[in-house]
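*Asks:* just coords:
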């Protein structure tokens, strides 16, 4: 099962602008995997969206789910 | 302004389907406050003034500098050194002499925010730092005001409408539903540090003006309960549905008195996270090291703490009693962990990096709770 992840803002400096991961069951597993691969992400703040919907709780991922990592911006 | 001139000025929008005289009248009656007269504030102000918003307030305490002119399109070289809100008001008044522009040449603080917001219908966040963004959000929730939000970083922007009930179905969301806790200012680079393409605030600010006009006139659909993201490099635009998050309300001060106590700048300061320690680390620390533990509560506050040695210096008299502190490591505690954070702030100001200064997270309440469970 393949999960596509798109990354926004300055998080792209850490993990690039997109990546695909295999066999990730839910968003908690995804976060754990991402933080293992990119330890700097663990320190960053971001919201997670699954298929265009920001999620606040652990969410099951399915084949071809698109996950977005959305960091806050402060600039104005 | 007579009717003919009024019609002439706004004719191109009045003839739009669904807009009409009625839409224009709503704009003329509206009162909008723009916080920040910078990259986002300039296009917001320009388009709102042009559209005929009847009363526009603008808050900012900054002056124009040369490196603003690349994106802050209301200002000219001759404005350098002048207060932004004064210059903006003057330019906007020339653009549209029939509306009321109110410049507030001051910084938004917890002391002035609620009174200021109270007289406006809609608040627009065009600020450039997290502490003010969280303050604006919380004030809007407290006062039940719609908030038009925009933020930028390098080539990307975000736009949303918070605290507005688009239809009767969805609970209105606010900024804290998306990002419950402020990041530290050091964790996310500002435009000053990381750069910004000049047209980006132009695009995002214009979208914010558009959301404001839709909120007032009722035409179309706003970005309430949705976040729009835009990337200037590849033109990718996304909309993300925002659900309400349980527990968000508990993060927002519940009344004016609680709001006045909030220390937004401190919440975003990186010193803060480094200085908070939890009960386990605290117990470890007092067992192993020579530590001065300071009870910063007022005399007589319960529960009394006799389980570990501590010095009693109320927060209000901390600065003049620092001679009582001998150790190189200090832990302040209070009832809940809030006043002790203020104590850390005061002590850090005095001792700088000479001493290690900590606050017990959760205070005595948390300490007692964990003692009972272990």
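*Replies:* Happy to help now that I have it. Predicted model, so just to flag it, every value in this text is computed and none were measured. Numbering: from 1, shown residues only, chains lettered A, B, ... in the order given.

*Asks:* just give me the neighbour total for the closest residue to residue B:194 other than its chain neighbours.
*Replies:* For residue B:194, ignoring the flanking residues on the chain, the nearest one in space by C-beta to C-beta, 6 or more residues apart in numbering or on different chains is residue B:154 at 5.6 Å. From N, CA and C alone the C-beta is placed, and that goes for glycine too. The local packing of residue B:154 (other C-beta atoms under 10 Å in any protein chain shown) involves 21 other residues.

*Asks:* and what of residue A:6?
*Replies:* Residue A:6 is flanked by 16 other residues according to other C-beta under 10 Å.

*Asks:* show me where chain A has its strands.
*Replies:* A:2-7, A:18-22, A:47-50, A:53-55, A:66-70 (DSSP state E).

*Asks:* so what does the longest one touch, helix or strand wise?
*Replies:* Okay, so that is strand A:2-7. Judged by 3 or more C-beta pairs under 8 Å, 6 or more residues apart in numbering or on different chains; DSSP states H and E, strand A:2-7 is in contact with strand A:18-22, helix A:27-37, strand A:66-70.

*Asks:* do the second one as well
*Replies:* With contacts defined as 3+ C-beta pairs under 8 Å, 6+ apart, the secondary structure elements packing on strand A:18-22 are strand A:2-7.

*Asks:* confidence score at the most centrally placed residue in chain A?
*Replies:* The residue lying closest to the centre of chain A (C-alpha atoms, centre = their mean) is residue A:69, at 4.1 Å. pLDDT, residue A:69: 98.

*Asks:* so who does it touch?
*Replies:* Neighbour list for residue A:69: A:5, A:6, A:7, A:8, A:11, A:15, A:34, A:41, A:46, A:47, A:48 [criterion: C-beta atoms under 8 Å, 6 or more residues apart in numbering or on different chains].

*Asks:* flag every residue of chain A that's near chain B.
*Replies:* Neighbours of chain B within chain A, by C-beta under 8 Å from any C-beta of the partner chain: A:8-10, A:43-45, A:47, A:49, A:52-56, A:68, A:70-76.

*Asks:* ok, now with 10 Å
*Replies:* A:6, A:8-10, A:12-13, A:17, A:43-47, A:49, A:51-57, A:68, A:70-76 (C-beta under 10 Å from any C-beta of the partner chain).

*Asks:* list only those of the residues you listed flagged as buried.
*Replies:* Neighbour counting with 16 or more other C-beta atoms under 10 Å in any protein chain shown marks A:6, A:8-10, A:12, A:44-47, A:49, A:54-56, A:68, A:70-76 as buried within the residues of chain A next to chain B.

*Asks:* all the strands of the stretch 51-200 of chain B, in order from the start?
*Replies:* For the stretch 51-200 of chain B, the strands defined by DSSP state E, counting those that start in this stretch cover B:55-59, B:100-104, B:122-125, B:147-153, B:156-162.

*Asks:* figure out which of those strands is closest to chain A.
*Replies:* Closest approach to chain A among these is made by strand B:147-153 (3.8 Å; C-beta to the nearest C-beta).
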